[in-house]
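A.B. asks: Fold the following and give me the result.
(chains A and B)
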Amino acid sequence: GEDVEQSLFLSVREGDSSVINCTYTDSSSTYLYWYKQEPGAGLQLLTYIFSNMDMKQDQRLTVLLNKKDKHLSLRIADTQTGDSAIYFCAERRAAGNKLTFGGGTRVLVKP
Amino acid sequence: IAGITQAPTSQILAAGRRMTLRCTQDMRHNAMYWYRQDLGLGLRLIHYSNTAGTTGKGEVPDGYSVSRANTDDFPLTLASAVPSQTSVYFCASSDGTSGKDEQFFGPGTRLTVL
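C.D. replies: Here you go, the predicted structure:
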């Protein structure tokens, strides 16, 4: 969706950290999400953050939210080959439960 | 059945033909959604339903219709398919009431319109 933007591609070496960035435009966003899509499959929720939080950590995943700049990032520590996938950020606005997705970032993990 | 199922897995369709994509969930979720996924555009919402008996238009509804006769099923119909409707279609569902309201996605239907 045009209101949520992501870079198209990220290449990272196995064992390094990956950082995927996302910008959004609607300041009324309540929840922001990261979904993962593996080849030939649907999307699966990876993690999410509520808009009143700055950071959320879940094992190898760290989500940072900068509400002032409307910037969301996902850091994957110790990236593994199984992390190769397309990652989508999405925002949920204050009105309703519909999501607006970014275009997706394809992450390629090289051994 | 566990989660969301979609049928068919893939389909090649002649332009002008009518096609219904099926979606069924067994989680008793209130809300259901249809998205199309196109390269570089992410997922765009076609139609949604917040509860059985109600539907709404998403970002790209033209050429598509939906119905929600019961909680479990949410079919998407292309009345007269056109080549620009070639895409991968994903159905999703969510509880519609909880805070984070996670959406659960089906495996997708790959549709090619010639």
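A.B. asks: C-alpha only now, for contacts and for neighbours.
C.D. replies: Noted.
A.B. asks: show me the contacts for A:M53.
C.D. replies: For A:M53, the contacting residues are A:L65, by CA atoms under 8 Å, 6 or more residues apart in numbering or on different chains.
A.B. asks: Tell me the residues of chain B that contact chain A?
C.D. replies: Counting by CA under 8 Å from any CA of the partner chain, chain B comes close to chain A at B:39-45, B:90, B:96, B:100-108.
A.B. asks: wait, isn't A:T79 in contact with A:K110?
C.D. replies: No - the pair A:T79 / A:K110 is not scored as a contact, 9.5 Å apart, by CA atoms under 8 Å.
A.B. asks: what do the two both touch?
C.D. replies: Joint contacts of A:T79 and A:K110 (CA under 8 Å, 6+ apart) are A:V12, A:R13, A:E14.
A.B. asks: Buried members of these into ChimeraX, please.
C.D. replies: Buried residues within these, by 16 or more other CA atoms under 10 Å in any protein chain shown, are selected in ChimeraX with:
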select /A:12,14
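A.B. asks: need the shared contacts of A:T79 and A:K110 in a markdown table with distance to chain B, secondary structure and pLDDT, can you?
C.D. replies: As requested, the shared contacts of A:T79 and A:K110 are exported to a markdown table (distance: CA to the nearest CA, whole Å; DSSP: H, G, I helix; E, B strand; the rest coil; pLDDT from 0 to 100):
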| residue | distance to chain B | secondary structure | pLDDT |
| --- | --- | --- | --- |
| A:V12 | 20 | strand | 96 |
| A:R13 | 24 | strand | 97 |
| A:E14 | 25 | coil | 97 |
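A.B. asks: Need the pLDDT of the residue lying closest to A:G40 once chain neighbours are set aside.
C.D. replies: Nearest residue to A:G40, sequence neighbours excluded (CA to CA, 6 or more residues apart in numbering or on different chains): B:P107, at 7.6 Å. Note for B:P107: predicted pLDDT of 93.
A.B. asks: cool, and B:S98?
C.D. replies: 69.
A.B. asks: Could you do A:E2 as well?
C.D. replies: On the pLDDT scale, A:E2 gets 54.
A.B. asks: Over to A:G96?
C.D. replies: pLDDT at A:G96 comes out at 69.
A.B. asks: contacting residues around the residue in chain A positioned nearest to chain B?
C.D. replies: Residue nearest to chain B within chain A: A:G103 (3.7 Å; CA to the nearest CA). Residues in contact with A:G103, defined by CA under 8 Å, 6+ apart, are A:G1, A:V4, A:E5, A:Q6, A:L8, A:F88, B:L39, B:G40, B:L41, B:G42, B:L43.
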